[in-house]
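[1] just to be clear, the model below is a prediction. Sequence and coordinates:
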Amino acid sequence: MILRPNQVAFGTAVWPRVERVTIDRLAARTVREWSDDGPNLVFADVPERLVRARVWQSLDQTTLGAPLPGALAEVRIELSPGADEGRRLVRFDAVVESVTHEVSQSRTVRVISLLAVSDAGDEDPITITDAS
């Protein structure tokens, strides 16, 4: 979880007022096997995975543009973990899965769900580097 990132960009669009970003790793398909020796699982594997990122963006009455589901671009998240740590850059290519809104009496939040895409199926789509 990244709280209050310095900047979040999707392609050339910089998303203002991002409160947090979460990156979750999920099993898209799980293989499970049991033996005839008893009721307990004897083998498990996850041959297909998803990396889903969600961006929470605080909105005001002038925030109109939102990405469309299916849009593909590089996501860049700049953050400063603390005074004793340097700035970091999280990058990944992603497809917009959904854009939803949560409205309460005091505020409105846009939640953008993204699926990270790898250049090669055996490479992690998320890269984290120093932002020098």
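    Now that the structure is in, tell me what you want to look at.
[2] wait, residue 108 sits on residue 66?
    No. At 11.9 Å, residue 108 does not count as touching residue 66 under the criterion of CB atoms under 8 Å. Glycine gets a C-beta too; all of them are placed from N, C-alpha and C.
[3] grab the longest strand from this structure for me.
    Counting residues, the longest strand in the chain under DSSP state E turns out to be strand 41-59.
[4] where does the protein have low pLDDT?
    Residues of the chain meeting the criterion pLDDT under 70: 61-64, 82-84, 132.
[5] show the contacting residues for the residue nearest the centre of the chain.
    The centre of the chain sits closest to residue 53, judged by CA atoms, centre = their mean, with a distance of 1.4 Å. By CB atoms under 8 Å, 6 or more residues apart in numbering, the contact set of residue 53 is 21, 22, 23, 24, 75, 92, 94, 113, 114, 116.
[6] ok, residue 79 next?
    Per CB under 8 Å, 6+ apart, neighbours of residue 79: 2, 5, 6, 87, 88, 89, 90.
[7] for the residue lying farthest from the centre of the chain, helix, strand, or coil?
    Computed with CA atoms, centre = their mean, the residue of the chain farthest from its C-alpha average is residue 37, at 41.3 Å. Reduced to three states with DSSP: H, G, I helix; E, B strand; the rest coil, the structure at residue 37 is coil.
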